[in-house]
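Trainee: show me the folded form of this:
(one chain, ligands or ions: 1)
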Amino acid sequence: MIRIQSLSKRFASFEAVRSVSLEVPKGAFLVLVGPSGCGKSTMLRMLAGLETPTAGTIAFGDEVVSDGDAGWGVEPSKRNAGLVFQSYALWPHMTVAGNVDWPLKVAGLAKAERQARVTEVLKLLGIEALGARYPNEISGGQQQRVAIARMIAPRPGILLFDEPLSNLDAKLRVEMRTELLRVHRATGATSVYVTHDQVEAMTMASHVAVLNNGEIEQFGSPHDLVRDPATAFVATFVGTPPANLIPVGPDLELVGVPTGAQAMFRPEHLRVSDKPRPGAIALEFAEASPMAGRTMITGTRGATRLTAVVDEAPDLAVGDTIYFALPSEPAAIFAASGERLK
Ligand SMILES: Nc1ncnc2c1ncn2[C@@H]1O[C@H](COP(=O)(O)OP(=O)(O)OP(=O)(O)O)[C@@H](O)[C@H]1O
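Mentor: I've put the predicted structure just below:
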């Protein structure tokens, strides 16, 4: 179990993390997701013990490991937590087996026990054939597997990942997501995983915290976030594709909703046509891409950008006028400031 209470981190006058509180049970796969600079890495570094919080606490199970109010924290090496970064940081002069063995040696385990554990984790990561190779003799994807094997070898109760897949090509990244989840389950550990990629977050997480400007916009399951976004930011950040937000105003009048509020419409609820329809919004056709047997259509005009997912796509060239028809009721309404009204 990980419990974070009123956690803040200030660098000089800049507050990178602002009073974050959340709790996940043992075995959870928590993803911290948000745009660049939102404070994800700072959160992870505080969990690892590499940064001391300015205020608030972190507990792993019953043990408080960081106390910002007291200015105190348990040493990184004594937290029962393993960390994997985007760059693999393997020791180049050691073989794959040597790299994985290293933390066990540091922990003072007997040789026979170490050998058995190295074999076991190399097998779990599917790299048992690479034990005698050096890091420069294996691919990037294999190096990342070695880094993960090295992290889990001493059986940490908490696994911390900072964008571990972002150096891999797109296909390998998708495969490694599944692999990582398998390893996470096999270890029974509680994982915290940082990414800016919402698709990664939504496919891997048991719990997601969406961060923006150092604050939690929403904390919940991937399903909760898509079905019931708490803020306009979350509505347009998660989902494939994310929902549309349209300002209530000249393009869209809604009874009882003030001008300036924003109405949310899901891409699968929009209809498109190359012919004008009453109430439809005229945009310029920007792109069409196939998506699981359907077509995702995007239209733009100035700052307005709408996405629809449809069965039948009109035959249009880029720049042609396309009409987006909205359902009569929006799926949600947000204030101009982003908070959910309905
Ligand atoms: N040591 C530091 N000193 C001063 N400011 C810092 C320090 N570390 C981080 N920051 C600032 O805190 C904010 C959050 O940084 P952080 O690295 O946590 O963001 P992030 O969400 O991980 O971003 P990215 O996805 O780009 O890595 C940023 O504005 C960053 O410039």
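
Trainee: for the rest of this, base every contact and every neighbour count on C-alpha atoms.
Mentor: Will do.

Trainee: the ligand contacts on the protein?
Mentor: 11, 16, 36-42, 196 (C-alpha under 6 Å from any ligand atom).

Trainee: as a check, name the ranges of all strands in the stretch 1-150 of the chain.
Mentor: 2-11, 14-24, 29-33, 55-60, 63-67, 72-73, 81-84 (DSSP state E, counting those that start in this stretch).

Trainee: point out the most buried one among those strands.
Mentor: Ranked by mean neighbour count under mean count of other C-alpha atoms under 10 Å, those are led by strand 29-33, which reaches a mean of 27.

Trainee: outside of it, which residues touch it?
Mentor: 24, 40, 184, 190-198, 201, 204-211 (C-alpha atoms under 8 Å, 6 or more residues apart in numbering).

Trainee: least reliable of the strands of the stretch 1-150 of the chain by average pLDDT, please.
Mentor: With a mean of 90, strand 81-84 has the lowest mean pLDDT of the strands of the stretch 1-150 of the chain.

Trainee: list buried residues within the residues of the chain next to the ligand.
Mentor: 16, 38-42, 196 (16 or more other C-alpha atoms under 10 Å).

Trainee: which ones are touching residue 246?
Mentor: With C-alpha under 8 Å, 6+ apart, residue 246 has these contacts: 252, 262-265, 304.

Trainee: please report how far it lies from residue 334.
Mentor: Remark: distance between residue 246 and residue 334 (C-alpha to C-alpha, to the nearest Å) = 10 Å.

Trainee: just the angle between the longest helix belonging to the chain and strand 29-33, please?
Mentor: For the chain, the helix with the greatest residue count under DSSP state H is helix 170-187. Between helix 170-187 and strand 29-33, the angle comes out at 140 degrees (axes from the mean of the first three to the mean of the last three C-alpha atoms, to 10 degrees).

Trainee: distance from helix 170-187 to the middle of the chain?
Mentor: Its chain's C-alpha centre and that of helix 170-187 lie 14 Å apart, by C-alpha atoms, centre = their mean, to the nearest Å.

Trainee: would you turn the residues of the chain next to the ligand into JSON lines with distance to residue 220?
Mentor: Below are the residues of the chain next to the ligand laid out as JSON lines (distance: C-alpha to C-alpha, whole Å):
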{"residue": "11", "distance to residue 220": "28"}
{"residue": "16", "distance to residue 220": "22"}
{"residue": "36", "distance to residue 220": "21"}
{"residue": "37", "distance to residue 220": "21"}
{"residue": "38", "distance to residue 220": "18"}
{"residue": "39", "distance to residue 220": "18"}
{"residue": "40", "distance to residue 220": "16"}
{"residue": "41", "distance to residue 220": "20"}
{"residue": "42", "distance to residue 220": "20"}
{"residue": "196", "distance to residue 220": "17"}
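
Trainee: just these: which are in helices?
Mentor: 40-42.

Trainee: where does the stretch 151-300 of the chain get nearest to the ligand, which residue?
Mentor: residue 196 (5.8 Å; C-alpha to the nearest ligand atom).

Trainee: wait, that residue sits on residue 36?
Mentor: Yes: counting by C-alpha atoms under 8 Å, residue 196 touches residue 36, with 6.8 Å between them.

Trainee: quick one: which of the strands of the stretch 1-150 of the chain is nearest residue 94?
Mentor: strand 81-84 (17.9 Å; C-alpha to C-alpha).

Trainee: that closest one pairs with which strands?
Mentor: strand 158-162 (parallel) (DSSP bridges).

Trainee: what mean pLDDT does the partner strand get?
Mentor: 94.

Trainee: then stretch 89-101?
Mentor: pLDDT averaged over stretch 89-101 gives 94.

Trainee: restricted to helices, list the contacts of strand 29-33.
Mentor: Those of the contacts of strand 29-33 lying in helices (DSSP H): 40, 184, 198, 201, 204.

Trainee: most neighbours among those residues, which one?
Mentor: When neighbours are counted by other C-alpha atoms under 10 Å, residue 40 leads those with 29 neighbours.

Trainee: report the contact partners of that one.
Mentor: If a contact means C-alpha under 8 Å, 6+ apart, then residue 40 has 32-34, 194-195, 211, 214 as its contacts.

Trainee: for residue 339, phi and psi?
Mentor: phi -80, psi 150 (degrees, to the nearest 10).

Trainee: next, count neighbours for the closest residue to it other than its chain neighbours.
Mentor: Residue nearest to residue 339 in three dimensions, not counting chain neighbours: residue 231, with 5.0 Å by C-alpha to C-alpha, 6 or more residues apart in numbering. The number of residues packed near residue 231 is 21, by other C-alpha under 10 Å.

Trainee: show me which of the ones in helices among the contacts of strand 29-33 is closest to residue 285.
Mentor: residue 198 (25.5 Å).

Trainee: from residue 286, how far out is that closest one?
Mentor: 23 Å.

Trainee: before we move on, what about residue 342?
Mentor: Residue 342 is 31 Å from residue 286, by C-alpha to C-alpha.
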